[in-house]
Structure formats: C-alpha cells, structure tokens
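Undergrad: Next come a sequence and a model predicted from it.
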Amino acid sequence: MENLEEDLTCSVCYALFSDPRVLPCSHTFCKSCLDNVLQLSVITSIWRPLRLPLKCPNCRSVTELPSNGVDALPVNVCLRAIVEKYQRDGRPRSPVCPEHPGQPLNVYCVQDRELICGFCLTVGRHRGHAIDDLQSAYVKERAAAVQLLGGLRGEEISSLAEHLRQEKVQSESVVQEDRKAVAHFFDDLELILAEKRDRFMRALNGASVLLVETYDPLIEQMEELQAEETALISLSSSIEEEEEEEPLVYLEKVHQLRARVNTLNQIVLPQLPGLHITPRAEEFIEEHWTRVTIRELQDGPIPDISCCHPHRHSVKSAQKQHEKSRLWCSSVFLVLFVLVLRSKESMQD
C-alpha cells in the first residue's frame, strides 16, 4: 500500500483520486478535474454544441460527451475502491496536508520551497505556483545544499571568535589593573586623611590637657574658700545661739572668728584665666583645607593649637579686684560682730 500513492494520484490536481472517471483512452481523472477541463472547452466555443468535446489532459485525444457532460463517463470503480482502502488502512510515509485532511504532501512548490498537496496547488494558496516532483526537487535541493554549505565562512568565523575571546581576556585584564589602581589610590588617600585626622586630634587633646591643668586647681581653690566661708557662717551662728556663756569665753570665740576671717580675707582671689583656643578648627579648615587639592593633600597643614590669655586684665585691675575682696570679707565680719553684740545686749537687759 505504501508504494501506491503515486499511482493513486490524479495527474491534474496531484491529489488522491476523488470520484475517478475513465475516458475512452483509458486515462482516469477526478470528476472535478474533468469538469474544469470541459468548462474551459465550452467557454472557448462561440455556441454550445449538442456534443461536448473533451480533450484528454494526458494523450490529448478528444472524446465527445453528451449534454450531461462528465456525468456520462463511467466511474473507475476498481480505482475508487483502492483509493478508499488506501485512505482507510494505508499508512502513507509522506506527511498529510494540514489544510486539506487526508491529502498527502506529495508536490514541491518551487516558489515557496515547501511541500504541498494537490488541493493546495489547484484551489489553495499555492495556485499557479511552479512545482516539481519530490524526487527531482530532492536532487536539486541536495545539490543546492552542498553549494550552500560550501559558502559558509567557517574558518573566518572561528578565527573571529578566537580573536574576540583573546580581546575579551585582554580587556578584562585592563579592567582588573584599573581596579587595583583605583583601590591603591583611594587606600593611600585614606591613609593620608587618617594620619592628618590623628594629628589634628592630638593637637586638640593637647589643648584639652592644658585647660584641665589651668582651670582645675583654680576651681579646687574656690571650692575650698566656699567651704571656709560656710564654716565661718556656721561658727558665727553657734556663738550667737549661746545665751548663758561667760564673757571671757565669748570674747575668745569672737577673737578666733576674727582671726579666721582675717586669714580668709588675706587670700588673693585668682583672676579668670580667660583662655582663648586658637586657632579655631572650623576657621582653620575653611582657610587652609577647603582649597587643598588631592596632589597637595600630603602637605596639608595641621594647626599648633594653643590656649592663650587675652591680656585684657592689667595689674592695676587685679589689685582693685583684691581690694574689693578684702572689703567684702571685712563687711561680712562687721555684720556678724554687730549681730553678736546686739544679741548680748538684749540678753543682759
């Protein structure tokens, strides 16, 4: 059954026979194909004859048909049975047309370079296209394929691919070198900046130490004076609260109070150091660092931070301050002494 496909194909439509009709010359064609051939013959005639001439598409012999046309031709019953059996039980090796079910793809369309069936050629989208049989198309396309492959640029493409790989490796090497250069550059910058920062901080730490050495002893001295004043006030209050005390004892205590007040009064109060931190960091950075380029970064200056006196207190003003302190202490003592005397007088009365 597999080798019958070519014998079961109509030579007009290249499809399996459909309602095959046999001519007197023994050639068989599809009824629809003969109808088309007869229709063309009738159209070319000026009038419609009583007998319709039909020229065989194969041998060109003429058969005169009655008025009912192709219907008068006998059916090739044997061939029709074979076609039906082939369609039912056969397993054609060639693929089947997806557009016309049951029709084998047994014709090669030269224009579209694809396999088609007989219906595609006669009534489908390949109508009027140049065709070839499968074997001939196979031989031609095989030779063309050999020539086509011969035109491939295998060596050129392989060489270009190898050069591309080499160039990629070289480019990646360049990028890697640039990565190292960038990392080295910024690592150096970080080291320089870190060293400058540490030196700047050490200068500020030195100023901080100087401030502690200057202010802490003065603060401690003032705290001691405050404690002594508090003790004197407490002593004066205790003397005043003694109601039945001997005059000699009272005078002795007042003498001691006066001595301690005089001693406190003799202590010279320190001046405010009024230290100035110079130069100020923000001003120094604005003046010396904002316009420093990377090339000049290594030479960026670090300030010598100092704590200096503003020289606004003269010796004379210091003496005046000392006199004021002595007067204040004397005033405190006189007030306390007057309070004690008055309290004694009131007790005697």
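TA: Happy to help now that I have it.
Undergrad: Domains in the chain, by residue range?
TA: 2-133, 195-348 (automatic domain parsing).
Undergrad: May I have the secondary structure class of residue 99?
TA: Under DSSP: H, G, I helix; E, B strand; the rest coil, the three-state class of residue 99 is coil.
Undergrad: shift numbering so it begins at 25
TA: Happy to do that; since the first residue is 25 now, the last one works out to residue 123.
Undergrad: Now do the contacts for it.
TA: 141, 143-144, 148 (C-beta atoms under 8 Å, 6 or more residues apart in numbering). Yep, even glycine has a C-beta here, placed from its N, CA and C like the rest.
Undergrad: out of those, which are inside helices?
TA: Among those, the ones falling in helices (DSSP state H) are 143-144.
Undergrad: can you list the contacts of residue 123 in a markdown table and add pLDDT?
TA: Formatted as a markdown table, the contacts of residue 123 follow (pLDDT from 0 to 100):
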| residue | pLDDT |
| --- | --- |
| 141 | 86 |
| 143 | 85 |
| 144 | 88 |
| 148 | 83 |
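Undergrad: neighbour-wise, which of the contacts of residue 123 leads?
TA: residue 141 (28 neighbours; other C-beta atoms under 10 Å).
Undergrad: For that one, give its distance to residue 44.
TA: Residue 141 sits at a distance of 17 Å from residue 44 (criterion: C-beta to C-beta, to the nearest Å).
Undergrad: Same question for residue 298.
TA: 130 Å.
Undergrad: out of the two, which sits in the more crowded spot?
TA: More neighbours surround residue 44 than the other of residue 298 and residue 44, with 24 against 11 (other C-beta under 10 Å).
Undergrad: Next up, the contacts around that one.
TA: If a contact means C-beta under 8 Å, 6+ apart, then residue 44 has 34, 52-55, 99-100, 103-104, 107 as its contacts.
Undergrad: Over to residue 223?
TA: residue 326.
Undergrad: what do you get for residue 316?
TA: residue 324.
Undergrad: Confirm that it sits in a helix.
TA: No - counting by three-state DSSP, residue 316 is located in no helix; its state is coil.
Undergrad: Low-confidence stretches in the stretch 25-174 of the chain?
TA: 25-28, 66-74, 114-118 (pLDDT under 70).
Undergrad: what's the average pLDDT for the helix or strand hosting residue 194?
TA: Counting by DSSP states H and E, the element that carries residue 194 is helix 178-265. What helix 178-265 shows for mean pLDDT is 92.
Undergrad: My guess is residue 58 contacts residue 96. True?
TA: No - counting by C-beta atoms under 8 Å, residue 58 sits too far from residue 96 to count as a contact (10.8 Å).
Undergrad: Compare neighbour counts for the two and give me the winner.
TA: Neighbour count, other C-beta under 10 Å: between residue 58 and residue 96, residue 58 has more, with 25 against 13.
Undergrad: Quick check: nearest residue in space to that one, chain neighbours excluded?
TA: Nearest residue to residue 58, sequence neighbours excluded (C-beta to C-beta, 6 or more residues apart in numbering): residue 94, at 4.6 Å.
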